[in-house]
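Student: sequence plus predicted model, see below.
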Amino acid sequence: MGVAAAALAKGELRRRGARERRPKSRLQRKTLKQISRAIELLEGRGDVANERTVHETRKALKRTRALVRLQRGSLGPKRYRRTNAALRTCGQRLAGARDAEVVLDTLDRLIEEHPKALRGPGVRRLRARLLAEHVRAGGVAGQGAPTRAEVLARLRGVRADIEHWRPQAGDRATARAGLLELYREGRRRGRRARKAGSSEALHDWRKRVKDLRYAAEALGLEKVARRADALGETIGAEHDLWLLARAVRRHRDCFKGDKAAYKALRRLIARRRSRLRRRAFVLGKELYARPPRRFVKRALPG
């Protein structure tokens, strides 16, 4: 190797070493904390009951994805797409067990609140059917070692990649740009949901509302986080009822000879969904009242 080439090689090694020694950004550390939390839960080292493992793991993954989206502009499109796709796949592998649990819990709450209207044998048969589906889904343990091992391997790979992130901008600039995009997209999807009026559009909106909530928590924007949490929970409750309505239609045979209970259950579901939609749009109007740039300027001045 010539003198010039050797000098260039040494220079590259010094630059690479400097990059490796560069301290992690605050947002990067927060992202690592959330994905490590998800890994610990799946490894059985979490501090939650076994039946809550799937729920808490998915929450940690959603927080991780929200933080990744917040840093999107600073990571670059290729790294962002790769990280987001891997996290999305992991969340999808865990979704089946969670949906089965949600549907059963939602029915139980309705039965508790309306014991007379929902005391028929059709409702009891439906609950038994949904319980069997929940047992088959079985949470993380029920999905079997191969699925659990696959999700864990993917998450460990993502964590290793995050460890080597070298964002293109500082925390402040990254946060302002990311918050602007998250807020703008949430506002846009809220308008779309109001126009469409469907649970699918509402659910799409909720994803971006959740992103805003978790990003606001990470940035210390407590008022924004509280408002986004209230809106997200309202839309989430509507979505849970939508899942239950689908299950009722799918298992209509449970109500053979008990049409009164079938009609009563569907009526209660529809009535509550309507109330939740109206409340969601009121909360959304409050949360997304300001134009995006004005919102960011007020939330993160300077």
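Tutor: All right, it came through fine.
Student: centre-most residue in the protein?
Tutor: Centroid-nearest residue in the chain, with CA atoms, centre = their mean: Lys62, separated by 3.6 Å.
Student: may I ask which helix or strand encompasses that one?
Tutor: Assigned by DSSP states H and E, Lys62 falls within helix 53-70.
Student: same check, this time on Ala280
Tutor: Ala280 belongs to helix 259-287 when assigned by DSSP H and E.
Student: please apply the same query to Gln92.
Tutor: Going by DSSP H and E, Gln92 is in helix 77-113.
Student: now the angle from that helix to helix 259-287?
Tutor: If you take axes from the mean of the first three to the mean of the last three CA atoms, to 10 degrees, helix 77-113 sits at 130 degrees to helix 259-287.
Student: which elements pack onto helix 77-113?
Tutor: When contacts are defined as 3 or more CB pairs under 8 Å, 6 or more residues apart in numbering; DSSP states H and E, helix 77-113 packs onto helix 53-70, helix 121-137, helix 139-163, helix 222-250, helix 259-287. Where you see a C-beta, it was placed from the backbone N, CA and C, and this is true even at glycine.
Student: can I get those helices in CSV with distance to Lys33 and mean pLDDT?
Tutor: Below are these laid out as CSV (distance: least, CB to CB, whole Å; pLDDT from 0 to 100):
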stretch, distance to Lys33, mean pLDDT
helix 53-70, 9, 91
helix 121-137, 28, 89
helix 139-163, 10, 77
helix 222-250, 17, 96
helix 259-287, 26, 96
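Student: dump the ones you listed to JSON lines, plus distance to Ala177.
Tutor: Formatted as JSON lines, those follow (distance: least, CB to CB, whole Å):
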{"stretch": "helix 53-70", "distance to Ala177": "9"}
{"stretch": "helix 121-137", "distance to Ala177": "39"}
{"stretch": "helix 139-163", "distance to Ala177": "19"}
{"stretch": "helix 222-250", "distance to Ala177": "17"}
{"stretch": "helix 259-287", "distance to Ala177": "20"}
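Student: re the thing from before, could I get the contacting residues of the residue nearest to the centre of the chain?
Tutor: Gly91, Lys210, Tyr214 (CB atoms under 8 Å, 6 or more residues apart in numbering).
Student: check what pLDDT the first one gets.
Tutor: The score at Gly91 is 88. That number is its pLDDT.
Student: and Val102, by the same measure?
Tutor: pLDDT, Val102: 89.
Student: what's the local residue count around the closest residue to Glu43 other than its chain neighbours?
Tutor: Nearest non-adjacent residue to Glu43, counting by CB to CB, 6 or more residues apart in numbering: Leu152, 6.8 Å away. Using other CB atoms under 10 Å, Leu152 has 15 other residues around it.
Student: dump the residue contacts of the residue nearest to Ala228 when sequence neighbours are not counted.
Tutor: Take Ala228 and drop its neighbours on the chain: the residue closest to it by CB to CB, 6+ apart is Arg213, 3.6 Å away. Counting by CB under 8 Å, 6+ apart, Arg213 touches Ala66, Val224, Ala225, Ala228, Asp229, Gly232.
Student: outside of stretch 224-235, which residues touch it?
Tutor: 202-203, 205-206, 209-210, 212-213, 216-217, 276, 279-280, 283-284, 286-287, 299.
Student: buried subset of the residues you listed, written for PyMOL?
Tutor: Buried subset of those, written as a PyMOL selection, criterion 16 or more other CB atoms under 10 Å:
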select buried, resi 202+203+205+206+209+210+212+213+216+217+276+279+280+283+284+287+299
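Student: list the residues that contact the closest residue to Arg159 other than its chain neighbours.
Tutor: Closest residue in space to Arg159, ignoring its immediate chain neighbours: Ile35 at 5.0 Å, by CB to CB, 6+ apart. By CB under 8 Å, 6+ apart, the contact list for Ile35 reads Ala60, Leu61, Thr64, Leu87, Leu155, Val158, Arg159, Ile162.
Student: pLDDT score for Ile35?
Tutor: Reading off the model, Ile35 has pLDDT 95.
Student: what's the distance between it and Arg129?
Tutor: Separation of Ile35 from Arg129 (CB to CB, to the nearest Å) stands at 36 Å.
Student: drop anything exposed from the contacts of Ile35.
Tutor: For the contacts of Ile35, buried by 16+ other CB under 10 Å: Ala60, Leu61, Thr64, Leu87, Leu155, Val158, Arg159, Ile162.
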